[in-house]
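Student: coords please:
(one chain, ligands or ions: 2)
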Amino acid sequence: MRMEEGVRRWVVDISKWDPQPPDFSFALSFLPSDHHSSVTRFVKLEDRKRALISRMLQYALVFDVLRIPLSEISIKRTPEGKPYVDYDKLGLGLPNFNFNVSHHGDYVAIASEPVCLVGLDIVSYDIPRGETITEFIHFFASYFSSLEWDNIVNAGTSYDVLIEFYRYWSLKEAYIKAIGSGLTEELHRVEFSHTCWTNITAKVDGTPMTEWRFFLFELGERHCVSSLQFWME
Ligand code: COA
Ligand code: MG
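Tutor: Ligands and ions are numbered 1, 2, ... in the order given. Sure thing, here's the model as predicted:
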């Protein structure tokens, strides 16, 4: 197996797409009808766009990697909500084909891997409204270790503090998405450290996560994306 087989990293900037209702309906028609309500249940167009592009990316990626005809692709969800492709012919080439999606702000992204487990999370650097940055981040303080919290609150200006907070949050979310639990209660179990944002390490329940790799990238100036990989024995 070539390492790049089954590896994909795709991102869509939905702010560039301003569909009229017929255009949106046309795009929606490409999805199986049982997925339509998961898009149309949203009231705001921005939420609908993210939900639609998320599902279109999942189908497009599965088609691109596995070459299953679109009409035969079955994407299901674990009881915790993590999507996966229901396909029994992955074989030796892609022994653990898996993918993860994230959407926030202007971006929807998807990542897939043939062997390691992947988790992905996008965060938009939204400025809190009606409260200060300090008030906003303190609401989430219990999810962070004292080391993480020190790095956040000592990051610099209040905007630097907010960005540091969002980057840590994105890494933590990518962790619970990689393991598929989706439980915010698990966020405090993982502690991230970094000498710079291209050299990230972590511990879970105090144990170094040596089988994991951590990546954090900026998407433009107002978003970041975290991608975590777990290389199981
Ligand atoms: N594990 C992994 N991936 C999951 C999942 C799970 N248990 N449940 C859903 N997903 C995938 C889905 O593909 C979903 O997109 P889709 O519904 O369009 O297919 C996608 O993850 C959503 O991820 P994201 O866009 O990053 O949303 P989120 O960060 O709000 O949600 C979850 C992440 C899925 C883990 C969510 O269940 C959760 O608990 N979020 C906590 C949110 C929160 O407290 N945010 C505060 C921010 S300041
Ligand atoms: Mg998220």
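Student: find the nearest non-adjacent residue to Gly182, please.
Tutor: The shortest distance from Gly182 to any non-neighbouring residue, by C-beta to C-beta, 6 or more residues apart in numbering, is to Glu80 (4.8 Å). The C-beta positions use only the backbone N, C-alpha and C, and glycine is treated the same way.
Student: how about the residues of this structure by ligand 1?
Tutor: Counting by C-beta under 6 Å from any ligand atom, the chain comes close to ligand 1 at 51, 54, 80-83, 100-104, 121, 169, 173, 176-177, 180, 182, 184.
Student: so among these, which ones count as buried?
Tutor: 51, 54, 82-83, 100-104, 121, 169, 173, 176-177, 180 (16 or more other C-beta atoms under 10 Å).
Student: could you list which of those belong to strands?
Tutor: Pro83, Asn100, Val101, Ser102, His103, His104, Asp121 (DSSP state E).
Student: can you tell me which two in those are farthest apart?
Tutor: With C-beta to C-beta as the measure, no two of these lie farther apart than Pro83 and His104, at 16.9 Å.
Student: all helices for this protein, in order.
Tutor: Assignment of helices within the chain using DSSP state H yields the ranges 21-28, 36-40, 45-66, 133-138, 146-153, 158-178.
Student: got JSON lines for these, with mean pLDDT too?
Tutor: JSON lines is the format used below for these (pLDDT from 0 to 100):
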{"stretch": "helix 21-28", "mean pLDDT": "96"}
{"stretch": "helix 36-40", "mean pLDDT": "97"}
{"stretch": "helix 45-66", "mean pLDDT": "96"}
{"stretch": "helix 133-138", "mean pLDDT": "98"}
{"stretch": "helix 146-153", "mean pLDDT": "98"}
{"stretch": "helix 158-178", "mean pLDDT": "97"}
